[in-house]
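Trainee: coords below, sequence missing:
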């Protein structure tokens, strides 16, 4: 592998991610919820029964464990998630989406997904599949 070529590819990936993420933040329909809060709802929505242990949720987010706990506390006070002791391990905490959390996620998610689809429309279906394969492979390292 050519080191320069690898570095150039990494730089291109990094710059694309930063650019798209800045655009995503700027357009996010955040009147009711922040992008970070939405990310928690998104990750919970994708879990079986719309619930997860905090320790399993944290690696999916771009936050430290204490920050995730504080964020979940805020979402719980707003009635968007419920916290409960994990019946299988009393040391763990389960977090579950409430009906209000699911409703908010779906409403915000529809607009957010439409923007993502529009932004990603510069890529062909084959390019989208290739991008997904490449980024999935990189996450496995």
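Mentor: All right, it came through fine. The structure presented is a predicted model; accordingly, all values stated were derived computationally and were not measured. Numbering: from 1, shown residues only.

Trainee: what packs against the helix ranked longest in the chain?
Mentor: Of all the elements of type helix in the chain, the one with the most residues (DSSP state H) is helix 3-27. The contact analysis (3 or more Cβ pairs under 8 Å, 6 or more residues apart in numbering; DSSP states H and E) places helix 3-27 against helix 99-120. For every residue, glycine as well, the C-beta is placed using N, CA and C.

Trainee: and the helix it packs on with helix 3-27, angle?
Mentor: With axes from the mean of the first three to the mean of the last three Cα atoms, to 10 degrees defining the directions, helix 99-120 sits at 130 degrees from helix 3-27.

Trainee: quick one: the helix or strand just after helix 99-120 to helix 99-120, angle?
Mentor: Per DSSP states H and E, the first helix or strand lying C-terminal to helix 99-120 is helix 125-139. Compare the direction of helix 125-139 with that of helix 99-120 by the same axes, to 10 degrees and you get 120 degrees.

Trainee: Pull out the buried residues from helix 125-139.
Mentor: For helix 125-139, the neighbour count (16 or more other Cβ atoms under 10 Å) marks no residue as buried.

Trainee: per-residue confidence averaged over that helix?
Mentor: Averaging pLDDT along helix 125-139 yields 94.

Trainee: what sits up against it?
Mentor: 120, 123 (Cβ atoms under 8 Å, 6 or more residues apart in numbering).

Trainee: what do you get if the cut-off is 10 Å, keeping everything else the same?
Mentor: Contacts to helix 125-139, defined as Cβ atoms under 10 Å, 6 or more residues apart in numbering, come from residues 9, 10, 13, 16, 17, 120, 121, 123, 124.
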